[in-house]
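1. no sequence for this one, just the structure:
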Ligand SMILES: CCc1ccc([C@H](C)CC(=O)N[C@@H]2O[C@H](CO)[C@@H](O)[C@H](O)[C@H]2O)cc1
């Protein structure tokens with residue numbers, strides 16, 4: 001009997017098979033003979049889940065006993081990836097499960113193929129949240145992730161005549177065996193209405209709408225440890241009485257369910273934008289729904305072991321994943337002042353100590369601001385609290401910078417002109433004890449530009465925590481063959497939880513046999529991907545489409561290569577496969593034009609026998625964590641070509657370098673730290689750096705057309721587009737480059753093309769390329785999410801691990 005008085009679950013294939021059978025019979029209500037593949041999948045999932053649930057119970061017991069300081073991660077997005085393979089690895093059942101499945105005559109691959117990917121995020125921010133949760137559990141840090149359980153995740157992308165079309169992602173259509181619904185922990189959320197003062201001056205919020213938040217959680221297992229944390233996702237429900245029976249019996253069926261549908265709409269769908277705020281009221285409702293449910297749940301958990309509010313910030317640190325959950329600050333003030341009756345000053349002191357804010361962008365259009373009129377209508381009490389916070393804050397600014405009205409106007413949480421709006425980034429900085437960027441350059445630029453006034457006022461509040469990635473997800477699971485070769489080379493697999501040990505590979509660069517094996521693994525991963533000639537240079541650009549990421553620059557290189565090959569057919573060209581993958585926000589038309597042009601260029605090249613033997617462009621649709629895990633191990637070249645000063649960090653750059661791809665990139669985001677660590681010889685650098693880009697952009701001197709006129713190859717590439725050479729599409733792309741060219745694509749063109757020639761030359765020296773590839777992996781240890789979490793824990797969270805005993 002283990003600590004829970006239960007017979008421990010077996011670790012042999014026979015015992016696993018027994019559990020599979022009993023779950024098939026008792027929890028799935030069917031037999032092996034009549035089981036569908038979906039039955040087999042759900043049963044396998046439950047049998048694996050049980051082994052993690054057993055650890056979860058012991059984790060909860062250990063955390064309860066320790067009454068530790070908790071990390072609560074509030075994020076509007078989580079890109080968790082498929083769960084089955086991960087949970088089989090973390091529960092150590094991957095081998096016995098497959099044996100048991102075969103024993104029962106089931107095909108493990110077919111069954112595993114039914115595992116779904118919860119696409120509850122857009123891109124970098126959502127995946128980072130998942131990698132950090134994985135690392136927190138692996139480092140035994142008591143933590144809970146809070147998010148929204150969207151019914152519809154990020155849209156499914158397909159191409160129609162080369163253009164992106166979006167389809168709804170009903171990810172739980174077949175159910176989700178990985179979640180534990182907990183309706184008994186439901187919370188009540190208010191919207192609209194007005195505020196009243198009661199006889200002793202306390203404020204009452206009289207809501208106009210009441211919605212219920214029902215949580216369900218998924219397990220977040222640690223790797224190589226017994227800790228199993230959770231991520232709790234909230235789903236909106238109408239209150240019990242929301243179904244209007246009288247209307248129904250009057251035949252008004254739609255009206256009868258109107259209120260319930262209205263409520264459920266709050267968590268219906270993820271907003272597919274990842275850089276431009278659209279200011280939709282439903283998005284603001286989603287954000288408040290998330291923070292109200294989560295804060296009430298956090299306070300419920302605090303009260304299980306604590307009574308004194310002064311203890312709250314000692315036991316609780318809440319990390320705000322960008323500005324999306326910033327309403328948590330006025331919400332905690334409302335709960336402490338209006339519901340718990342604390343005085344403002346104490347409540348404010350506790351609130352500031354409790355929160356920390358991570359900024360993930362530098363794009364002004366991505367910094368959220370909400371119209372005061374919308375805020376007032378939806379959240380009347382919170383607006384009052386924000387005004388009070390702002391008043392007291394501006395008084396502090398006046399003291400420090402007397403008479404500096406411009407500074408007051410810039411720093412105010414309320415924007416006055418041209419429209420009164422609430423600046424969520426300002427509120428986030430004012431209401432937290434720590435603010436961080438996600439790469440050294442990003443954090444530096446935040447303190448020097450976007451949040452400069454605040455850095456002047458509170459210099460010690462600003463930190464840098466360079467992003468990281470889960471080595472379990474992005475090399476152990478994604479690239480098992482390379483992982484075994486590394487373990488063979490290092491003599492143990494301890495590197496998976498201690499990525500700095502990869503430096504041990506450096507001494508193997510001199511071993512020709514090892515280099516040979518290294519190349520064989522990469523080639524086999526290309527065969528597995530099956531999207532191009534496995535002996536070609538696989539040139540990969542995988543990320544959301546955005547003009548600052550400059551997929552259009554990569555395209556200009558392809559067209560130039562195409563024209564060069566056409567112009568001098570005799571010349572020997574190393575075959576190259578250029579792979580694009582990524583989604584564009586549905587309303588982002590400029591990005592969708594680039595997608596369409598890429599597919600047109602791909603089709604033209606494919607149909608041209610003079611070029612297709614040397615150049616191929618592929619664009620697999622519906623990029624997500626699962627597809628990324630297939631592409632990354634197959635990459636030779638990693639495209640990180642954003643305009644310097646625009647990409648906050650990037651994390652795809654880290655995943656590709658860790659899997660032995662060489663980077664061609666600018667001095668932007670974490671590219672700089674990757675180059676510093678892997679070595680300048682193992683990185684293809686090009687382009688303007690941030691100061692030069694700022695100078696050119698804001699010096700007002702930038703004439704994109706001048707570059708067109710002075711560079712013959714650039715001109716012929718753009719002319720080919722303008723002349724409709726690529727199925728007549730792409731005019732919008734060429735015109736915007738010759739017009740504003742916001743992200744200096746033409747200014748960096750020549751440097752990029754020349755750099756790609758260096759790539760070509762380097763690729764020809766196979767042994768040297770392999771050595772550089774091994775060194776990229778060997779020197780990527782720093783980019784483990786474990787290091788990132790250790791940095792947060794030491795510099796911002798001040799938390800320590802809690803061991804989970806057997
Ligand atoms: C309001 C709409 C919206 C939605 C999402 C976002 C995210 C902050 C965008 C995002 O994903 N940013 C990316 O975050 C990654 C993790 O830190 C970084 O590595 C990327 O550089 C950054 O673009 C901004 C604006």
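-> Looks like it arrived, so ask away. Just so it is clear, the model here is predicted, and its values are computed rather than measured.
2. I'd like the next helix or strand past the helix or strand containing residue 128.
-> Using DSSP states H and E, residue 128 sits in helix 124-138. Sequence order places strand 143-148 as the next helix or strand after helix 124-138, per DSSP H and E.
3. Who are the contact partners of the closest residue to the ligand within the chain?
-> Relative to the ligand, the nearest point of the chain is residue 124 (2.8 Å; Cβ to the nearest ligand atom). Glycine gets a C-beta too; all of them are placed from N, C-alpha and C. Residues near residue 124 by Cβ atoms under 8 Å, 6 or more residues apart in numbering: 274, 360, 543-544, 648-652.
4. just to revisit the earlier point, and the helix holding residue 128, how far from the chain's centre?
-> Averaging C-alpha positions (Cα atoms, centre = their mean, to the nearest Å) puts helix 124-138 8 Å from its chain's average.
5. got it, and stretch 373-389?
-> For stretch 373-389, the distance to the chain centre is 30 Å (Cα atoms, centre = their mean).
6. what mean pLDDT does it have?
-> The pLDDT scores in stretch 373-389 average 98.
7. Can you give the domain ranges for the protein?
-> Annotated domains of the chain cover 1-66+86-116, 67-81+117-466, 471-777 [automatic domain parsing].
8. Please convert those to TSV, extending it with distance to residue 783.
-> TSV is the format used below for these (distance: least, Cβ to Cβ, whole Å):
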stretch	distance to residue 783
domain 1-66+86-116	20
domain 67-81+117-466	8
domain 471-777	4
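9. Which one of those lies nearest to residue 796?
-> Checking those against residue 796 by Cβ to Cβ gives domain 67-81+117-466 as the closest, at 4.5 Å.
10. What is the end-to-end distance of the closest one?
-> Domain 67-81+117-466 stretches 30 Å from its first residue to its last (Cα to Cα, to the nearest Å).
11. Distance from that domain to the middle of the chain?
-> That offset, for domain 67-81+117-466, works out to 16 Å (Cα atoms, centre = their mean).
12. Roughly how far does residue 225 sit from residue 51?
-> Residue 225 sits 14 Å away from residue 51, going by Cβ to Cβ, to the nearest Å.
13. wait, I meant residue 490
-> In terms of Cβ to Cβ, residue 490 sits 28 Å off from residue 51.
14. and the helix or strand harbouring residue 524, what does it pack onto?
-> Assigned by DSSP H and E, residue 524 falls within helix 512-529. On a contact count with 3 or more Cβ pairs under 8 Å, 6 or more residues apart in numbering; DSSP states H and E, helix 512-529 meets helix 480-490, helix 625-631, helix 766-778.
15. So which bits of the first one are buried?
-> The neighbour-count criterion (16 or more other Cβ atoms under 10 Å) identifies 480, 482-483, 485-486, 489-490 as the buried residues of helix 480-490.
16. Please apply the same query to stretch 361-374.
-> Neighbour-count burial for stretch 361-374 [16+ other Cβ under 10 Å]: 361-362, 366-372, 374.
17. what's the angle from the helix holding residue 524 to helix 766-778?
-> Calculated by axes from the mean of the first three to the mean of the last three Cα atoms, to 10 degrees, helix 512-529 forms an angle of 80 degrees with helix 766-778.
18. In this structure, spot the strand with the most residues.
-> strand 209-221 (DSSP state E).
19. That one pairs with which strands, parallel or anti?
-> In the sheet, strand 209-221 lines up against strand 179-181 (antiparallel), strand 187-191 (antiparallel), strand 228-237 (antiparallel) (DSSP bridges).
20. just these: most buried one?
-> strand 228-237 (a mean of 24; mean count of other Cβ atoms under 10 Å).
21. Show the contacting residues for residue 623.
-> 157, 542, 581-583.
22. what does the stretch 551-700 of the chain put close to the ligand?
-> For the stretch 551-700 of the chain, the residues found near the ligand under the criterion Cβ under 6 Å from any ligand atom are 647-651, 669.
23. just the stretch 251-400 of the chain next, same as before
-> 273-275, 277, 322, 360-361, 366, 368.
24. now with 8 Å?
-> 271, 273-278, 283, 322-324, 358, 360-361, 363, 366, 368 (Cβ under 8 Å from any ligand atom).
25. Now the buried members of the residues you listed.
-> Judged by 16+ other Cβ under 10 Å, buried ones among those: 271, 273-275, 277, 283, 322-324, 358, 360-361, 366, 368.
26. from the residues you listed, which is closest to residue 435?
-> Of these, the one sitting nearest to residue 435 (Cβ to Cβ) turns out to be residue 358, at 7.8 Å.
27. tell me the secondary structure for the closest residue to the closest one other than its chain neighbours?
-> Using Cβ to Cβ, 6 or more residues apart in numbering and skipping residues adjacent in sequence, the residue nearest residue 358 is residue 436, 5.4 Å away. Under DSSP: H, G, I helix; E, B strand; the rest coil, residue 436 falls in the strand class.
28. how much space between residue 436 and residue 385?
-> Taken as Cβ to Cβ, the span from residue 436 to residue 385 is 25 Å.
29. List the contacts of residue 141.
-> Counted by Cβ under 8 Å, 6+ apart, residue 141 has contacts 71, 229, 789, 793, 797, 799-802.
30. three-state assignment of residue 164?
-> With three-state DSSP as the criterion, residue 164 was assigned strand.
31. Can you verify my assumption that it contacts residue 592?
-> Yes: here residue 164 reaches residue 592: they are 5.4 Å apart, a contact under Cβ atoms under 8 Å.
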